[in-house]
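>>> could you work out the structure for the sequence below:
(2 chains)
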Amino acid sequence: MVEMEQLQKEAKEILKQGKVKFVIGYSKGSQNLTATPVFIKKPEHTSRLIWDPTCVQNLVKFIVDDKQKQSREKKPDERPVGIVVKGCDSRAINVLIQEKFIDRDDVYILGLSCEELGVVDEKKIAQKLEGKKIEKIEFAKKNNLIVSTKDGEKKIPVKDVLADRCLECKAHFPVIYDQLFGEETEREVKEPYKSIKKTESQSPKKRWDFWKEQLEKCIRCYACRSICPMCYCDECVADSINMAVTAETTAEEKAQKIKWIERSPALSENIGYHLIRAIHLAGRCIDCGECERACPVDIPLRLLNKKLEKAAHELFDYDVGFDHKKPSLISSFKDEDPEDFIR
Amino acid sequence: MEKILTKKEFPSWIKNLKSFNVYGPVKKDALWEYERIQDPDKLDLNFKNTVLSPKKIIFPQREVILDFNHKKKGKPEIQEALPEETKNVIFGVRPCDARALTLTDKVFEEEPGDKYYLRRRHQTVTVGLTCSDPPSENCFCTSLGGSPHSTEGLDILMTELNHKYYVHSFTDKGRELMKAASDVFKNPSEKDKKDLKQVHKESEKKIKRQVKELSKITDKLKGMFDSPFWDEESMSCLKCGICTYLCPTCHCFDISDEVLSSSPLKGQRVRTWDTCQFPYFTMHSSGHNPRPDKSSRLRQRILHKFSYFVDNYDDYQCTGCGRCISKCPVDIDIIEVLEKVKDYE
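Numbers count the residues shown, from 1 in each chain, chains lettered A, B, ... in the order given. Modelled structure (predicted):
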């Protein structure tokens, strides 16, 4: 069992000692039902930290943010950032270290094991309540959620509303940490790629129809890219801003400027954006599921990433984010790598 | 004009609107969206808040402004591409979203007037629906001068009374729409009128969230441009466009040329939604960005809505629909931010 008090105590200690500049963790959400990210600078505020199955976010994105902010500052505070991570999130840290975006010393990792649970899927909870408005969710003993609606309280076992990614999780405890809370409980995962089973069994036409319908919905708010810890490019291919336009720039020059993707939320452009993003996440996505959770129009983005995760596993025997000392998939080569696609 | 329409007869009204493009809330999987509908039965007036407001019909995310074609010889041909002349009607407009249109009107009506927006706006009839039950847990329209039965920006307001609707039209456009199927409407009884008042009164009480003393907040914001407050509040912001794209009052756009062929040079000039929350929104071609970080962008969103817009148009640029709160992936809550402004020292 993860003891919340211990987590708070450790966070307090590292802040007191000045080991970290601040601690990123979870605190109780205001109106929304899940926890909310919190940035703690003062030791006396560490009692705000919580840990329960509503801590859905992957906070590693804020490490990326801080790194980018540092690069703009003249005298940045170079102390590490304290961060609370789950198993999946910890693998994101490993990828960032592998890719040399951050150093191991940039982070002080407070790792939490999900043990036999994981985090909840708000949509699954909503389904259970058949449209009734949720007023409050509380995590109670024996791994139950107490959900209040206008008709009173309802007890829902967390197991029944776990996020799909948690059901397919290969390691629900941190694989890199400075302090570990909870235990590295083994849990059998029978079908690690269950969610893509359905689309995989469909004909190409059916799949195409499915994705067309899904990607047509996209409003290009870029929440998926904004929340993704792996989307840290200084300039995204979707933005095309790298052309200085002056009064002398001719219409032809502007026309010749390469815009890979137009701003229009047309199907062709949406497909361009999402497929480029998916390919760029191959061998990098750790399946935190944040892109799908953030999407305001419910595009099942996880399916794209899961498919590529499976390809990396089956073709190259590569599982993402388990060892930061290993080279990354894209930058490594083995004699036995398949090459039948090179023609 | 005030009439009664039974729920059973509602589809016949729509069927009589043959000369109109009919839009209304439609459920797709777990979400509701305003869609063009052919079959009146698809229209679902028992809906929670849609992801996007009807803004997307009147101010579409992509709009062609002109077509251009430059052949090697001769002058370039430029063709203005105004929206088609059609008659549109949107059913199930929430009063907050309708009020939002009146705010956007103020911006686009300014000289010389935005022809594209105004044409769509004028050729669209808005049929509102009283929120007898708040469609979102984050509704706070009553804090901003609105109400669940406000009529601002609406041509017609429908209020559900058990198995029927009380239909009230206030404009010529609205009356014309009701006349298109006059035989389906009945005159309201005294009891209906009493029930209507009751439902309207009850609906206001059901709005749980509120911001108090907004004018005090507006005054305070004036002195907070350089405050470290924005750094603290924006720590968890992701720089995505959800809050602004989903906002019924946000109306910023970008203009770009979409080239269909480079020789001969041919294409379209389009405007697409843009947002102050994107890092490149304020990027100059020199590479300088006057709003370089997320704190300056959160500040912009709050100040535009609760300070600059008040200076320019004497109104808040927010109608309390709650979408930005409900859909923020990191739980940034505009009500909380405003409350914190009030208490900030």
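
>>> C-alpha only now, for contacts and for neighbours.
Noted.

>>> ok, now how distant is A:Ile258 from B:Trp273?
Between A:Ile258 and B:Trp273 the computed distance is 21 Å (C-alpha to C-alpha, to the nearest Å).

>>> name the SS class of residue 12, please.
I went with chain A, as the question did not name one. On the three-state scheme (DSSP: H, G, I helix; E, B strand; the rest coil), A:Lys12 is labelled helix.

>>> ah, no, chain B please
Judged by three-state DSSP, the three-state class of B:Ser12 is helix.

>>> do B:Lys342 as well
Using three-state DSSP as the criterion, the local structure at B:Lys342 reads helix.

>>> grab the nearest non-local neighbour of it.
Counting by C-alpha to C-alpha, 6 or more residues apart in numbering or on different chains, B:Ile217 is the residue found nearest to B:Lys342 once chain neighbours are left out, at 5.4 Å.

>>> hmm, B:Arg209 and B:Glu339 touching each other?
No. If you go by C-alpha atoms under 8 Å, B:Glu339 and B:Arg209 don't touch, sitting 11.8 Å apart.

>>> which stretches of chain B form helices?
Along chain B, the stretches classed as helices by DSSP state H are B:10-15, B:55-58, B:95-108, B:115-122, B:172-179, B:190-205, B:214-221, B:229-233, B:242-246, B:294-303, B:309-313, B:323-327, B:334-343.

>>> can the ones you listed go into TSV with extra columns for mean pLDDT and mean neighbour count?
Compiled in TSV, the helices of chain B are given as follows (pLDDT from 0 to 100; neighbours: other C-alpha atoms under 10 Å in any protein chain shown):
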stretch	mean pLDDT	mean neighbour count
helix B:10-15	94	17
helix B:55-58	97	19
helix B:95-108	98	22
helix B:115-122	97	17
helix B:172-179	95	18
helix B:190-205	96	14
helix B:214-221	95	16
helix B:229-233	95	16
helix B:242-246	98	24
helix B:294-303	96	20
helix B:309-313	97	14
helix B:323-327	94	22
helix B:334-343	95	16
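
>>> low-confidence ranges, chain A, go.
Along chain A, the parts satisfying pLDDT under 70 run over A:31-32, A:131, A:241-244, A:254-256, A:343.

>>> okay, domains of it per the record?
Per automatic domain parsing, the domain ranges recorded for chain A read A:4-121+A:162-316, A:124-161.

>>> center of chain B - which residue?
For chain B, the residue sitting closest to the mean C-alpha position, by C-alpha atoms, centre = their mean, is B:Pro248 at 2.7 Å.

>>> got a list of what that residue touches?
B:Pro248 makes contact with B:Leu52, B:Ser53, B:Pro54, B:Lys55, B:Asp97, B:Ala100, B:Leu101, according to C-alpha atoms under 8 Å, 6 or more residues apart in numbering or on different chains.

>>> how far away is the second one from B:Cys243?
By that I understand B:Ser53. Summarising the geometry, the distance separating B:Ser53 from B:Cys243, computed by C-alpha to C-alpha, is 12 Å.

>>> pull the number of nearby residues for the closest residue to chain B within the stretch 1-150 of chain A.
Residue nearest to chain B within the stretch 1-150 of chain A (C-alpha to the nearest C-alpha): A:Thr36, separated by 5.9 Å. Residues contacting A:Thr36 under the criterion other C-alpha atoms under 10 Å in any protein chain shown number 25.

>>> and if you look at A:Asp121?
Residue crowding around A:Asp121 was assessed by other C-alpha under 10 Å; the count is 21.

>>> try A:Ser148
18.

>>> likewise the one 5 residues further on?
Per other C-alpha under 10 Å, the neighbour tally for A:Glu153 reads 15.

>>> which residues touch it?
Shown in contact with A:Glu153 (C-alpha under 8 Å, 6+ apart): A:Ile146, A:Val147.

>>> secondary structure class for A:Tyr108?
Following three-state DSSP, A:Tyr108 is assigned to strand.

>>> who's in contact with it?
For A:Tyr108, the contact set (C-alpha under 8 Å, 6+ apart) comprises A:Val20, A:Pro80, A:Val81, A:Gly82, A:Ile83, A:Tyr177, A:Asp178.

>>> find the nearest non-adjacent residue to the residue of the stretch 1-150 of chain A closest to chain B, please.
Using C-alpha to C-alpha, 6+ apart and skipping the chain neighbours, the partner closest in space to A:Thr36 is A:Gly29 (4.8 Å).

>>> name the nearest residue to B:Asn138, ignoring sequence neighbours.
Leaving out its chain neighbours, the residue that sits closest to B:Asn138 by C-alpha to C-alpha, 6+ apart is B:Gly322, at 4.7 Å.

>>> next one: B:Ile78
The nearest residue in space to B:Ile78 (C-alpha to C-alpha, 6+ apart) is B:Phe68, at 4.6 Å.

>>> doesn't B:Val341 make contact with the residue nearest to B:Lys342?
Yes. Taking C-alpha under 8 Å as the contact criterion, B:Ile217 and B:Val341 are neighbours in contact, 6.5 Å apart.

>>> related to what we said a few turns ago, can you put the helices of chain B in JSON lines and add distance to A:Val161?
Listed next are the helices of chain B as JSON lines, based on distance: least, C-alpha to C-alpha, whole Å:
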{"stretch": "helix B:10-15", "distance to A:Val161": "38"}
{"stretch": "helix B:55-58", "distance to A:Val161": "33"}
{"stretch": "helix B:95-108", "distance to A:Val161": "33"}
{"stretch": "helix B:115-122", "distance to A:Val161": "44"}
{"stretch": "helix B:172-179", "distance to A:Val161": "46"}
{"stretch": "helix B:190-205", "distance to A:Val161": "33"}
{"stretch": "helix B:214-221", "distance to A:Val161": "40"}
{"stretch": "helix B:229-233", "distance to A:Val161": "31"}
{"stretch": "helix B:242-246", "distance to A:Val161": "25"}
{"stretch": "helix B:294-303", "distance to A:Val161": "33"}
{"stretch": "helix B:309-313", "distance to A:Val161": "43"}
{"stretch": "helix B:323-327", "distance to A:Val161": "20"}
{"stretch": "helix B:334-343", "distance to A:Val161": "29"}
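
>>> right, and the ones you listed - which one's nearest A:Gln68?
Within the helices of chain B, the stretch nearest A:Gln68 is helix B:294-303; the backing value is 11.8 Å (C-alpha to C-alpha).

>>> so which bits of the stretch 1-150 of chain B are right by chain A?
B:Leu31, B:Val51, B:Gln61, B:Arg62, B:Glu137, B:Asn138 (C-alpha under 8 Å from any C-alpha of the partner chain).

>>> hmm, back to that, phi, psi of the residue of the stretch 1-150 of chain A closest to chain B?
The phi and psi torsions at A:Thr36 (degrees, to the nearest 10) take the values phi -130, psi 150.

>>> let me see the contact set for it.
For A:Thr36, the set of contacting residues under the criterion of C-alpha under 8 Å, 6+ apart consists of A:Tyr26, A:Ser27, A:Lys28, A:Gly29, A:Ser30, A:Cys55, A:Gln57, B:Val330, B:Asp331.
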